[in-house]
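> Build the 3D model from these lines:
(chains A and B)
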Amino acid sequence: MADIRDDFIISIRYALLKKGAKQKFSLFFLILLSISIITLDKFSPPFMTSVRAILNDFVYHVSVVSSQPAVLKNYLTQKTQKHYSVLSENKFLKKEIEFLKKQKFNNAYLASENEILKKALQITDKKEFAQTFSTSAKVILDQKSPFLKSILINKGTKSNILKGMTVFSKDYLMGTIIETNYLSSRVLLLSDLNSKLPIIIEGTDINAILEGTGKKQNLSLKYLPENYQLEPNKIIFTSGKDGFLASGSPVAQTYLGKKNKVLIKLLGDPDQALIVKVTNGQAGQ
Amino acid sequence: MLSFLEIKKNLFTSLPILSLYFFSFYHFQIPEVGKIGIFSFNFQMILIYFFVLKSPSSLGFGNIFLAGIINDTVMGTPLGATSLSYLALSLFTSYIRNATIRPVLTAEWFTFIPALFFSNLVYLVIINNFSNLSFYYLELLQSTFFTFLFFPIFHYMFSQYKRFILKE
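Numbers count the residues shown, from 1 in each chain, chains lettered A, B, ... in the order given. Model (predicted):
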C-alpha cells in the first residue's frame, strides 16, 4: 500500500516538475502563473484593466483574420441560397406592396385622427429617453461560444463607447455592451443566459422579463401572471421599466413552434448582423 | 538562411502547435454540420491529450498555457481559466504517461474520461467562483461527450502524422 502511494507521489512530482528536453517551463510554474492571472483578473488592479484591453484588442484582431476562411465560406453559402430565394421573394413582395398601399391610406387616416384626439386630450409626445449618442460599428467576430453568446464590434473607448450602451441591428434591439477595449467592444446578446430585459406584450398590459436561453429561436419570459397563456404572432416590446431603454422598441416575437408550443424568437438575427448601431438609449427614430 | 525544404519541414513538425493556436483564435465547433450544434467538440483537448501523452516534445507546456490565455480572451471567460484547465489536463496526462507501461488505444481512450472530467472540473470551479457567468451545462456535457467519442478518429490521424512527419 505504501509502495503504491510512493509511486503515485513520485509520478505526480515527476509530471509537475520535469521539464523535458524541449520544455522551457515546468507544469508547476505554469499552474502557479495561471492561478496568479486568474486572481489578478478577478480583483482587477488598475494595471490589469489596461493589460487586458491591449491583449483583447490584439487577440480579437488576430482572431478576425483566422476566422476569415469560415466567413468566406458562410458568405458564399448565403449568397448562393439568396440567389435562389430571390424569385419567390419577389412574387411575395409584389403581393405585399399591393396590400401595403391599401394599408397606407388607412394609416394616414388613423394618424390624423390620433393627432386630433391628442389635441383634444391635451397629450404631448414626451421624449424622456432622448438619445445623445449614436454610432455605427462593424461586427468583427461572432464566436460560437458555449459559455457566452456575444459578438465583437470594431469600436471601443476610442469612439466613446461605454459599458452598458445598447446595440441595435436594423432598429431591433440586439444586446448591451459588456466589455470595452480601446479599439473593440464585446456585446452581450439578448439570447445569452445572462441577459434580462423588461418587456411588454403586444395588445396587452402584461409586463414580464425576457430572458435568454442561449438560443435565438427560444427565449423565455419570466414573471408572467399566473395562468397566462402566451399567444402566437405577438410582438414583444421593451417596457422601459429599467429606466434606460425607451418603451416600445420591438425586441421579439411569439410564434408557434413544434408540438403547437408557443415560443419566442428575436426579431433581429445576431448571426446576420454586419453593421450595428450603438446608442446610449434607444434606436434612432 | 533556411532553405525551402527546411522551412517546409519546420512547418510540418510545428503543425500541432500551429493548430493549437489556430483553434484558440478561431473557436472550433462544427455547428455547420446539418446546422446541429450537438456535434461540437473540443479539438484543443484532444490535441493536448494526444501530444502530451505520445509526443510531449511536440507541444510545449508554455504553448498550451498561451493558447489557453488566447482562448479565454476570445471567449470572454476569466483570464487564465482555460489555461489552468488545459494545464490540469496536461498534468493528468503526464501522470498517465509516467504510470503507463504498455500503451494501447483502448486504455488511452478510457483514461481520457477522468482526464476530461478533471480538466472540466477545474474549469467549472473557476467559472463559478471567479466570474458571474451563467453556465450552459448541457452544452459542456455534450461537447465533452463528443470530445471523448471522437478521440479514436483523431488518435488514428495524429498517429499517422507522428509516424510519417515526425518519424517517431
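> quick one, strands of the stretch 1-150 of chain A?
Assigned by DSSP state E, counting those that start in this stretch, the strands in the stretch 1-150 of chain A fall at A:134-141, A:150-153.
> Those: which one's closest to chain B?
For chain B, the closest of the strands of the stretch 1-150 of chain A is strand A:150-153, at 5.9 Å, according to C-beta to the nearest C-beta. For the C-beta atoms, the positions are set from N, CA and C on the backbone; glycine is no exception.
> on contacts alone, who are the packing partners of the helix or strand that comes right after that closest one?
Per DSSP states H and E, the first helix or strand lying C-terminal to strand A:150-153 is strand A:166-169. Other helices and strands packing on strand A:166-169, by 3 or more C-beta pairs under 8 Å, 6 or more residues apart in numbering or on different chains; DSSP states H and E, are strand A:172-180, strand A:275-279.
> Return the alpha-carbon coordinates of strand A:166-169 using CSV.
C-alpha atoms of strand A:166-169 as CSV (Å, rounded to 0.1, in the frame of the first residue of the first chain):
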residue,chain,number,x,y,z
THR,A,166,-27.3,49.4,-26.1
VAL,A,167,-26.8,47.9,-29.5
PHE,A,168,-29.3,47.8,-32.3
SER,A,169,-29.3,45.9,-35.6
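> Direction included, what does that strand pair up with?
Strand pairing for strand A:166-169, using DSSP bridges, gives strand A:172-180 (antiparallel), strand A:275-279 (antiparallel).
> Return the distance of that strand from the chain's centre.
Counting by C-alpha atoms, centre = their mean, to the nearest Å, strand A:166-169 is centred 8 Å from the centre of its parent chain.
> Please apply the same query to stretch A:180-187.
For stretch A:180-187, the distance to the chain centre is 14 Å (C-alpha atoms, centre = their mean).
> got the buried residues for that stretch?
Neighbour-count burial for stretch A:180-187, counted by 16 or more other C-beta atoms under 10 Å in any protein chain shown, picks out A:Thr180, A:Asn181, A:Leu183, A:Ser184, A:Ser185, A:Arg186, A:Val187.
> In which helix or strand does the last one reside?
Read that as A:Val187. strand A:185-189.
> what angle do that strand and strand A:172-180 make?
Between strand A:185-189 and strand A:172-180, the angle comes out at 130 degrees (axes from the mean of the first three to the mean of the last three C-alpha atoms, to 10 degrees).
> Let me see the residues that make contact with the helix or strand following strand A:185-189.
Scanning forward in sequence from strand A:185-189 by DSSP H and E, the next helix or strand is strand A:196-201. Outside of strand A:196-201, the residues within contact range by C-beta atoms under 8 Å, 6 or more residues apart in numbering or on different chains are A:173, A:190, A:206-212, A:221-222, A:230, A:234, A:236-242, A:245, A:247, A:251-252, A:254.
> Of those, which belong to helices?
Within the contacts of strand A:196-201, no residue falls in helices by DSSP state H.
> Can you go through the residues you listed and name the buried ones?
A:173, A:190, A:206, A:208-212, A:221, A:230, A:234, A:236-240, A:245, A:247, A:251-252, A:254.
> re the thing from before, I'd like the buried residues of stretch A:180-187 written out as JSON lines, with pLDDT and distance to A:Ala108 added.
Shown next, in JSON lines, are these (pLDDT from 0 to 100; distance: C-beta to C-beta, whole Å):
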{"residue": "A:Thr180", "pLDDT": "89", "distance to A:Ala108": "44"}
{"residue": "A:Asn181", "pLDDT": "88", "distance to A:Ala108": "47"}
{"residue": "A:Leu183", "pLDDT": "87", "distance to A:Ala108": "46"}
{"residue": "A:Ser184", "pLDDT": "89", "distance to A:Ala108": "45"}
{"residue": "A:Ser185", "pLDDT": "90", "distance to A:Ala108": "41"}
{"residue": "A:Arg186", "pLDDT": "89", "distance to A:Ala108": "43"}
{"residue": "A:Val187", "pLDDT": "89", "distance to A:Ala108": "37"}
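> Greatest separation within these: which pair is it?
The distance between the two most remote of the buried residues of stretch A:180-187 (C-beta to C-beta) is 14.7 Å, for A:Leu183 and A:Val187.
> Which helix runs longest in the chain?
No chain in the question, so chain A it is. Chain A, longest helix under DSSP H: helix A:68-121.
> meant chain B, my bad for not saying
Per DSSP H, chain B has its longest helix at helix B:105-130.
> Please identify the buried residues of it?
So helix B:105-130, judged by 16+ other C-beta under 10 Å, has buried residues B:108, B:111-112, B:115-116, B:118-120, B:122-123, B:126-127, B:130.
> I'd like the next helix or strand past it.
Sequence-wise, the next helix or strand downstream of helix B:105-130 (DSSP H and E) is helix B:137-149.
> How far away from the center of its chain is that next one?
Helix B:137-149 sits 14 Å away from the centroid of its parent chain (C-alpha atoms, centre = their mean).
> Give me the contact status of it with chain A.
Yes. Helix B:137-149 lies within reach of chain A by C-beta under 8 Å from any C-beta of the partner chain, at B:Glu139, B:Leu140, B:Ser143.
> Neighbours of A:Phe43, how many?
By other C-beta atoms under 10 Å in any protein chain shown, the residues close to A:Phe43 number 9.
> Could you find the closest non-adjacent residue to A:Ser249?
Leaving aside its sequence neighbours, A:Ser249 sits nearest to A:Thr238 (C-beta to C-beta, 6 or more residues apart in numbering or on different chains; 4.5 Å).
> Now for the one you found: which residues touch it?
Counted by C-beta under 8 Å, 6+ apart, A:Thr238 has contacts A:Leu173, A:Leu197, A:Pro198, A:Ile199, A:Ile200, A:Leu245, A:Ala246, A:Ser247, A:Gly248, A:Ser249, A:Val251.
> cutoff 10 Å now
Shown in contact with A:Thr238 (C-beta atoms under 10 Å, 6 or more residues apart in numbering or on different chains): A:166, A:173, A:197-200, A:210, A:244-251, A:282.
> how close does the closest residue to B:Leu84 other than its chain neighbours get to B:Phe50?
Nearest non-adjacent residue to B:Leu84, counting by C-beta to C-beta, 6+ apart: A:Ser34, 4.1 Å away. Going from A:Ser34 to B:Phe50 by C-beta to C-beta, to the nearest Å gives 22 Å.
> Show me the strands in chain B, by range?
Counting by DSSP state E, chain B has no strands to list.
> Give me the residue at the spatial middle of it.
Computing the C-alpha centroid of chain B and ranking residues by C-alpha atoms, centre = their mean puts B:Met45 first, at 2.1 Å.
> Quick check, that residue in contact with B:Phe117.
No. Counting by C-beta atoms under 10 Å, B:Met45 does not reach B:Phe117; the two are 11.5 Å apart.
> Between those two, which contacts overlap?
Common neighbours of B:Met45 and B:Phe117 (C-beta under 10 Å, 6+ apart) are B:Thr144, B:Phe148.
> Spit out the contact partners of the residue nearest to B:Phe12 when sequence neighbours are not counted.
With sequence-adjacent residues excluded and distances taken as C-beta to C-beta, 6+ apart, B:Phe12 is closest to B:Ile165, at 4.9 Å. Taking C-beta under 10 Å, 6+ apart as the criterion, B:Ile165 is in contact with B:Lys9, B:Phe12, B:Thr13, B:Leu15, B:Pro16, B:Ser58.
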